[in-house]
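Student: Sequence first, then the predicted structure, then my questions.
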There are 2 protein chains.
Amino acid sequence: MTEVPRSRPGRNPAARRPGARPRQAEVAKAAGVSQATVSLVLGGKERGATISDETRSRVLDVARELGYAHDPAARRLAAARNNLLGVFSFTATFPTDVQHSYYPFLVGVEQEAAARGYDLVLFTGSSSGGAGAGVPDALSRVRLADGCLFLGRHAPTAELRRLVDDGFPVVHLGRRQEPEGLAWVGADYVSASREVVARLAAQGHRRIVLVREDDEAPASTDRERGILEGLVAAGLEAGAWTVFRTAAPARSLTAARLRAWREDGVTAVVAEETDTGDAWRALLGAVRAAGWTCPDDISLALLGDPPADLAGEPTPTGFDIPRSRLGGAAVRRLTALVAGETTDEPLVVCPHRPGTTSGPPR
Amino acid sequence: MTEVPRSRPGRNPAARRPGARPRQAEVAKAAGVSQATVSLVLGGKERGATISDETRSRVLDVARELGYAHDPAARRLAAARNNLLGVFSFTATFPTDVQHSYYPFLVGVEQEAAARGYDLVLFTGSSSGGAGAGVPDALSRVRLADGCLFLGRHAPTAELRRLVDDGFPVVHLGRRQEPEGLAWVGADYVSASREVVARLAAQGHRRIVLVREDDEAPASTDRERGILEGLVAAGLEAGAWTVFRTAAPARSLTAARLRAWREDGVTAVVAEETDTGDAWRALLGAVRAAGWTCPDDISLALLGDPPADLAGEPTPTGFDIPRSRLGGAAVRRLTALVAGETTDEPLVVCPHRPGTTSGPPR
DNA sequence: GCGCATTACTAATGCGCATTACCTGGAAGG
DNA sequence: CCTTCCAGGTAATGCGCATTAGTAATGCGC
């Protein structure tokens, strides 16, 4: 009945390259201890078995000498931490156009992650990760990390729900309603927009129009809400004409439109920031086409940052979007989730930007 | 001698919650097959064992029904690689200023990595690597990836040598001599600079000056070499005055300097691109201070991209640095190394940019 | 009716690590 | 001298999957 040892199934023929990183077992052999001891030393845990200082430092020395690094997959599989945070952007790849990119977010994310001892894994929507024939699980790749941050408004709700339901730590950058239970971090567009109106009102404006995209993203609705609240707070009237909704600002925002508004007593126009900056660009163009100058004939404000190609233009009155801070806040939230804590949905303040495109009405 | 089965060490007390995602084993049980069969079906591989259509579709149905998703950690562990490429930049954090940042590189890196099924791990010089409580060697952490890309001219040679000697796949972005055996990917500054001279010569310029930093980086010396080669090829003379070296362009590039050059018959000035764009900025300032206009009184060229704050100025004659392509090329090279192949040091072509700052001399 | 190839599948194994029950030698306690 | 205790460590185990040797069933030729 002696078991003849079978030749080994499961063995990956692609044997480890000679230069591959060392394993704990190799560190252990070199240090004259067991793999378990190495794990205990390098795991950094305080609890459990105790290790003498002498052994500990010997293991550390050897590990350093051999250039040991944890295998994230193995660590993860053994139900431990990676110190890896995922960042998933739903563009096919990271945006090529620097100006409209997530880079400012990423900067904040990176700083905060580094400060907390995490490294970042960039996942992208396109990479198939190998296979998954039949099971569409583009998102499950992120489970390699301890938690994951999602950017972009096109994150599929169903797959996110899946992660959330499984208890995987997820934070979305930008306010978001669905799926239920999804943690997010967003900018306080409502307050910031309210303040823009308050300042315009203080300058003497009585009729203010908001130009917004024809879109139901929270980023848009929040701004509109802030504007309307601001009008009410300032005791100004808001009507159907208060919100001008357009999908093609370049076509509908004309000099004629501006003149019509002024006929109605409108002295200030506030534009929503969009990805493309089209609304703001169209607005500036219309003012020019009308032969007006900006703070004098009409006041303008922009609820966000101007597009980069208009960097030479006068600074718009409005508010800054603290992208980098948002990234940092998102990481703080995510690490809290990873640690099993819960936190509130934090709204990050958007600082007001006085700018030079508004002034008292004539 | 009967082995009493010990109670099970290694078992993680955080037992799986009942609602957690199903494993292949559970799919297998529900479909009445073995776990191996499930793996074969869901693995999507064509080779190896064959599976009948009936079994295959049964497994797929059950998998879908149960909402099966691969565990990436297990997958990567079993496959002995993690489909992760590292990106290490030697700045404290990723640069905050988008304009001077590595972002354009990163875009190319990201695209190419995604296309090849790799995700990216971002390392920064600063992050202490929370896990490695005792392994402070920042560079060892990169070994968690299958290979690593290095950006920036301050990458420490000694530590890089260590990785290279260990056979760890490493690619440096930018031409680099040390350590021996380090793979790199760079832009062909020599050819591009040569072409700039050739074009200027074709326009009729006979005396051309190069303004360069007081620095021995390959990026600088390559440009100088290209300029000198270009002069020789055009049959023009090169002398001590040909190369103007300065550490403080803002101070030394004055209107007087320009006039002195013109006295000597110089009709075109070529500036090296620097991180700050100082040389180009100083040059434009000097032309203005002299009361000259650019293509008319003197021709200018820039060996690279102008700084972002000069975006409004006329497009400089010179060449573009294909940052995004460089990133892509670096990833191609790195994945080749990971696969055990060797490739040449590729030089990426810098396309000539005609621009509007040069013309025939008066 | 026997050998042999082919098809369809399963059992066994290990990837690298964290975890935990157990072991061992010596000091303390009786 | 025997028991207890503790510090310091080790062996064994499993996480979920991919891989591959092996096996059972079937077809085919003669």
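Tutor: Looks like it arrived, so ask away. Not measured: the values here are computed from a predicted model. Numbers count the residues shown, from 1 in each chain, chains lettered A, B, ... in the order given.

Student: Just the helices from chain A, written as ranges.
Tutor: For chain A, the helices defined by DSSP state H occupy A:24-31, A:35-43, A:53-66, A:72-77, A:103-115, A:157-165, A:189-203, A:218-233, A:249-252, A:255-263, A:278-289, A:294-297, A:323-338.

Student: any chance of those helices in JSON lines, plus mean neighbour count, distance to B:Val185 and mean pLDDT?
Tutor: Heads up, the C-betas are built off the backbone N, CA and C, glycines and all. Below are the helices of chain A laid out as JSON lines (neighbours: other CB atoms under 10 Å in any protein chain shown; distance: least, CB to CB, whole Å; pLDDT from 0 to 100):
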{"stretch": "helix A:24-31", "mean neighbour count": "19", "distance to B:Val185": "32", "mean pLDDT": "91"}
{"stretch": "helix A:35-43", "mean neighbour count": "20", "distance to B:Val185": "34", "mean pLDDT": "89"}
{"stretch": "helix A:53-66", "mean neighbour count": "17", "distance to B:Val185": "29", "mean pLDDT": "89"}
{"stretch": "helix A:72-77", "mean neighbour count": "22", "distance to B:Val185": "26", "mean pLDDT": "86"}
{"stretch": "helix A:103-115", "mean neighbour count": "23", "distance to B:Val185": "22", "mean pLDDT": "85"}
{"stretch": "helix A:157-165", "mean neighbour count": "17", "distance to B:Val185": "35", "mean pLDDT": "84"}
{"stretch": "helix A:189-203", "mean neighbour count": "22", "distance to B:Val185": "42", "mean pLDDT": "96"}
{"stretch": "helix A:218-233", "mean neighbour count": "20", "distance to B:Val185": "39", "mean pLDDT": "93"}
{"stretch": "helix A:249-252", "mean neighbour count": "16", "distance to B:Val185": "41", "mean pLDDT": "89"}
{"stretch": "helix A:255-263", "mean neighbour count": "15", "distance to B:Val185": "51", "mean pLDDT": "93"}
{"stretch": "helix A:278-289", "mean neighbour count": "20", "distance to B:Val185": "37", "mean pLDDT": "92"}
{"stretch": "helix A:294-297", "mean neighbour count": "16", "distance to B:Val185": "47", "mean pLDDT": "90"}
{"stretch": "helix A:323-338", "mean neighbour count": "23", "distance to B:Val185": "29", "mean pLDDT": "92"}
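
Student: would you list the ones you listed in a markdown table and tack on distance to B:Ser252?
Tutor: As requested, the helices of chain A are exported to a markdown table (distance: least, CB to CB, whole Å):
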| stretch | distance to B:Ser252 |
| --- | --- |
| helix A:24-31 | 55 |
| helix A:35-43 | 54 |
| helix A:53-66 | 47 |
| helix A:72-77 | 51 |
| helix A:103-115 | 34 |
| helix A:157-165 | 57 |
| helix A:189-203 | 46 |
| helix A:218-233 | 49 |
| helix A:249-252 | 47 |
| helix A:255-263 | 50 |
| helix A:278-289 | 40 |
| helix A:294-297 | 41 |
| helix A:323-338 | 36 |
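
Student: Which among those is found nearest to B:Phe168?
Tutor: helix A:53-66 (12.0 Å; CB to CB).

Student: Helix A:35-43 and the closest one, what's the angle between them?
Tutor: 80 degrees (axes from the mean of the first three to the mean of the last three CA atoms, to 10 degrees).
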